[in-house]
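Undergrad: I'd like to go over a predicted model; first the sequence, then the structure.
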Amino acid sequence: MMKTVRLTTAQALIKFLNQQYVHIDGEEFPFVEGIFNIFGHGNVLGIGEALERDSGHLKVIQGKNEQGMAHAAIAYSKQMLRKKIYAVTSSSGPGSANLVTAAGTALANNIPVLLLPADTYATRQPDPVLQQMEQEHSIAITTNDALQPVSRYWDRITRPEQLMSSLIRAFEVMTDPAKAGPATICISQDVEGEAFDYDVKFFEKRVHYIDRKIPTERELIGAAELIKASQKPLIVVGGGAKYSESREVLMEFSERYNIPLVETQAGKSTVESSFKNNLGGLGITGTLAANKAARQSDLIIGVGTRFTDFATSSKTIFDFETTKFLNINVSRMQAYKLDAFPVAADARTTFEALIPMLEGYMSEFGEVITELKEEWLAERDRLGKVTFNRENFDPEIKNHFSQDVLNEYADVLNTELAQTTALIAINDTIDPDSMIICSAGSLPGDLQRLWHSNVPNTYHLEYGYSCMGYEVSGTLGMKLADPSKEAYTIVGDGSFLMLHSELITAIQYNKKINVLLFDNSGYGCINNLQMDFGNGSYYCEFRTDDNQILNIDYAKIAEGYGAKAYRANTVEELKAALEDAMKQDKSTLIEMKVLPKTMSDGYEGSWWNLGVPEVSEREGVQKSYEFKQQKLKNAKQY
Ligand SMILES: Cc1ncc(C[n+]2csc(CCOP(=O)(O)OP(=O)(O)O)c2C)c(N)n1
Ligand SMILES: O=C1C[C@@H](O)[C@H](O)[C@@H](O)C1=O
Ligand SMILES: [Mg+2]
């Protein structure tokens, strides 16, 4: 006879989470590290009671904003290379609505996370329950339906026994490298507390094998033939290369056959920046070296990359007439892109098999890789020494602001600090094994070009969704993933203002994070975009109705939360603050006032296909439109 145990749905959920393990490359460990929570009437008596009763090995962390805590969970998983996750429980209605943005972030970046929003009553007895919105055409629609398009797996639990098949499906999805993403299980708030006689087998230890997908012989022969036929192949290192931990094999492949590596945001920090054949970021936010190499190449070997418009410069950076593509990706959907020869397999396994098959091959790059790298390093050096002057300053982003406007910023913000100078000073000062995180604004571009990441997996960029507000929340998740390393948020003032609630969570639980806040008093990169395309400066600077620049004391805000705060408007002050921050046990924030227009600009065809108006009185807009039409003539159409 079946042995059963009587538990509430929520108690069964927590018991199950404690028994999920993953097995990767011979190692086995629990998959669910913990659970973030904000309790409301929808989950406090169900999941709240179950956790209080017996949380098992799960670490329980109280968040401050549902989006923020879910972003922390996502960053944890990303930093753990998708081997472990946090779950996230929210109340219903606004609590679950706040998860929608985070689910989108997880989906765009292929990051597993378990979202557990509460749902309206299955019995419908108190209909409408507090926070239940009402649709006239369907009582079955709740706020949680908004999570369907942003979840890789989605389910609603209206009976306790549904939980079993739902959880098994969710864990299958989250532990499959080709499908990994957010799994959302919405549990009716009354059902959380309802009991059922669960089969005890359901709670036995369950191991999810994350096996490496092996390429077929046909795929390997096809890939080897393409490489042998190519004079100048180029490897694009994407996020999949990092998750597959293919550092060593990529370096061996690159060195042996003299093939340059270029990186996407997700792929950066798979292979250290100092590796001689690593030419850095590709595309719109790429380096001069990587973009020049891309233009010369006749075979692009995409490794675990989605080829977003940033990496391909809106499909214009390659010569599509002559260039061939070879895509190595666990996802067939991704491998099919750009008419490539697809190898739907694990990156590391594929390169291990390919290396011996290319014996005798050598690319025709010769010394070019070294020359390109040296040229770029000299440019980076220049960007680290940008100094302001009040007469004829020539910023990186040219012809937008007059000298008078730049001087106005220098006066109001009391600074002469250039963003690139500050960023490189930080890179030179902090410990090389420190972890840094960023996601939106002008800083991702600067980081992809300028940041030297010389310890693998220390560069954490969320650029699938580029979600403002991920930065501070994500730093908490990154710190939870590796408490032994210093964790730094690289964040603009706009992103900081949008969401930094989890700085308080970090302080509350004594998880030290360091927020490096670049305040240029505005949405700088969007201001650049609008002005680059011929528009005026319109609602992207932070100015009052009477045109005064906002000057916010962010250090004071951080002090108010209990962080150690610094104000650094010169390189000397910045270095001193960084040195002191390293000695602190508690979280810190360094506020830097930086001048607008001093971020780095694009290199070599870093054009971006944007929705430029077809009709405009402005000459600049008209020119931008014409330019776009020209560019699209040679762009890949799909
Ligand atoms: C949630 C979200 N809303 C809007 C955007 C669009 N957006 C991208 S960057 C940006 C401005 C960022 O400003 P800030 O953080 O100050 O960085 P800066 O560009 O000034 O360096 C905006 C509004 C976004 N990426 N994410
Ligand atoms: O619209 C955007 C422009 C990018 O430069 C920026 O990094 C990104 O955050 C974004 O959303
Ligand atoms: Mg800004």
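TA: Perfect, I can see it now. Numbering: from 1, shown residues only. Ligands and ions are numbered 1, 2, ... in the order given.
Undergrad: So which bits of stretch 629-638 are buried?
TA: Neighbour-count burial for stretch 629-638, counted by 16 or more other Cβ atoms under 10 Å, picks out Lys631, Ala635, Lys636. C-beta here means a position set from N, CA and C on the backbone, and glycine is covered the same way.
Undergrad: In three-state terms, label Ala241 for me.
TA: Classification of Ala241 by DSSP: H, G, I helix; E, B strand; the rest coil places it in helix.
Undergrad: wait, it sits on Ser269?
TA: No: judged on Cβ atoms under 8 Å, Ala241 makes no contact with Ser269 at a distance of 10.5 Å.
Undergrad: Kindly report the residues of the chain close to ligand 1.
TA: Residues of the chain found near ligand 1 (Cβ under 6 Å from any ligand atom) are 440-443, 466-469, 492-495, 520, 522-526.
Undergrad: quick one: the residue nearest the centre of the chain from ligand 3, how far?
TA: With distances taken as Cα atoms, centre = their mean, Glu462 lies nearest the centre of the chain, 1.2 Å away. Glu462 is 17 Å from ligand 3, where distance means Cβ to the ion, to the nearest Å.
Undergrad: if I read this right, that residue contacts Ala72, doesn't it?
TA: No: taking contacts as Cβ under 8 Å, Glu462 lies outside contact range of Ala72: 11.8 Å.
Undergrad: Please enumerate the shared neighbours of the two.
TA: Common contacts of Glu462 and Ala72 (Cβ atoms under 8 Å, 6 or more residues apart in numbering): Gly474.
Undergrad: Number of residues surrounding the closest residue in space to Ser434 that isn't next to it in sequence?
TA: Distances taken as Cβ to Cβ, 6 or more residues apart in numbering place Glu486 nearest to Ser434, at 4.3 Å, with adjacent residues excluded. Using other Cβ atoms under 10 Å, Glu486 has 20 neighbouring residues.
Undergrad: With Asp482 instead?
TA: Other residues near Asp482 come to 16 when the count uses other Cβ under 10 Å.
Undergrad: Over to Leu443?
TA: Neighbourhood size, Leu443 [other Cβ under 10 Å]: 25.
Undergrad: Specify the beta-bridge partners of the closest residue to it other than its chain neighbours.
TA: In space, and not counting its chain neighbours, Leu443 is closest to Ile490: 5.3 Å by Cβ to Cβ, 6+ apart. Beta bridges link Ile490 to Leu516, judged by DSSP bridges.
Undergrad: Start the count at 4 instead of 1 going forward.
TA: That works, and once the first residue is 4, the last one we named lands at Ile493.
Undergrad: right, and Ile493 touches Ser437 too?
TA: No: the criterion here is Cβ under 8 Å, and Ile493 misses it with Ser437 at 11.1 Å.
Undergrad: Which residue of these two possesses the greater neighbour count?
TA: Ile493 (26 against 18).
Undergrad: on that earlier part again, phi, psi of the residue nearest to the centre of the chain?
TA: Main-chain torsions, Glu465, degrees, to the nearest 10: phi -90, psi 100.
Undergrad: which bits of the stretch 304-453 of the chain sit near ligand 2?
TA: Residues of the stretch 304-453 of the chain lying near ligand 2 (Cβ under 6 Å from any ligand atom): Ala443, Gly444, Pro447.
Undergrad: Show me the one in the residues you listed that has more neighbours than the rest.
TA: Neighbour counts for these (other Cβ under 10 Å) peak at Gly444, which has 25 neighbours.
Undergrad: how close does the closest residue to that residue other than its chain neighbours sit to Leu341?
TA: Distances taken as Cβ to Cβ, 6+ apart put Gly495 closest to Gly444, at 3.8 Å, once the chain neighbours are dropped. Counting by Cβ to Cβ, to the nearest Å, the gap from Gly495 to Leu341 is 32 Å.
Undergrad: Leu375 too?
TA: Distance of Leu375 to Leu341, computed by Cβ to Cβ: 23 Å.
Undergrad: what does Arg393 give?
TA: Per Cβ to Cβ, Arg393 is found 48 Å from Leu341.
Undergrad: And those two? Which one has more around it.
TA: Leu341 (18 against 12).
Undergrad: wait, what's in contact with the more buried one?
TA: Ile303, Gly305, Phe310, Thr315, Lys318, Phe328, Asn330, Lys639.
Undergrad: So what's the predicted local confidence for the first one?
TA: According to the per-residue confidence, Ile303 scores 98 in pLDDT.
Undergrad: Show me the shaky parts of the stretch 4-153 of the chain.
TA: Counting by pLDDT under 70, the stretch 4-153 of the chain contains no low-confidence residues.
Undergrad: give me the residue from the stretch 204-353 of the chain nearest ligand 3.
TA: Distances between the stretch 204-353 of the chain and ligand 3 by Cβ to the ion are smallest at Thr288, namely 16.3 Å.
Undergrad: if we can go back for a sec, neighbour-wise, give me the winner out of the contacts of Leu341.
TA: Greatest neighbour count in the contacts of Leu341, by other Cβ under 10 Å, goes to Gly305: 30 neighbours.
Undergrad: Now that one: phi and psi?
TA: Main-chain torsions, Gly305, degrees, to the nearest 10: phi -80, psi 120.
Undergrad: Touching, it and Thr326? I think so.
TA: No: using Cβ under 8 Å, Gly305 is not in contact with Thr326; the gap is 11.6 Å.
Undergrad: Just the ones of the residues of the stretch 304-453 of the chain next to ligand 2 in strands?
TA: Among those, no residue falls in strands (DSSP state E).
Undergrad: Mind picking the one among those that's closest to ligand 3?
TA: Ligand 3 has its nearest neighbour among those in Gly444, at 6.0 Å by Cβ to the ion.
Undergrad: List the contacts of that closest one.
TA: Residues near Gly444 by Cβ under 8 Å, 6+ apart: Met471, Val494, Gly495, Gly497, Ser498, Tyr526, Gly527, Cys528.
Undergrad: can you give me phi and psi for it?
TA: For Gly444, the backbone dihedrals (degrees, to the nearest 10) come out as phi 90, psi -160.
Undergrad: how close does it get to Thr373?
TA: Computed with Cβ to Cβ, the distance linking Gly444 and Thr373 is 33 Å.
Undergrad: likewise Val346?
TA: To Thr373, Val346 is 29 Å away according to Cβ to Cβ.
Undergrad: Neighbour count for the two, which is higher?
TA: Neighbours per residue (other Cβ under 10 Å) separate Val346 from Thr373, with Val346 holding more: 28 against 13.
Undergrad: Confirm for me that Gly448 is in contact with Gly283.
TA: No: using Cβ under 8 Å, Gly448 makes no contact with Gly283, being 12.0 Å away.
Undergrad: of the two, who's got more company?
TA: Shown here are Gly448 and Gly283; by other Cβ under 10 Å, Gly283 has more neighbours (27 against 24).
Undergrad: low-confidence ranges in the stretch 254-403 of the chain?
TA: Filtered on pLDDT under 70, the stretch 254-403 of the chain yields no residues whatsoever.
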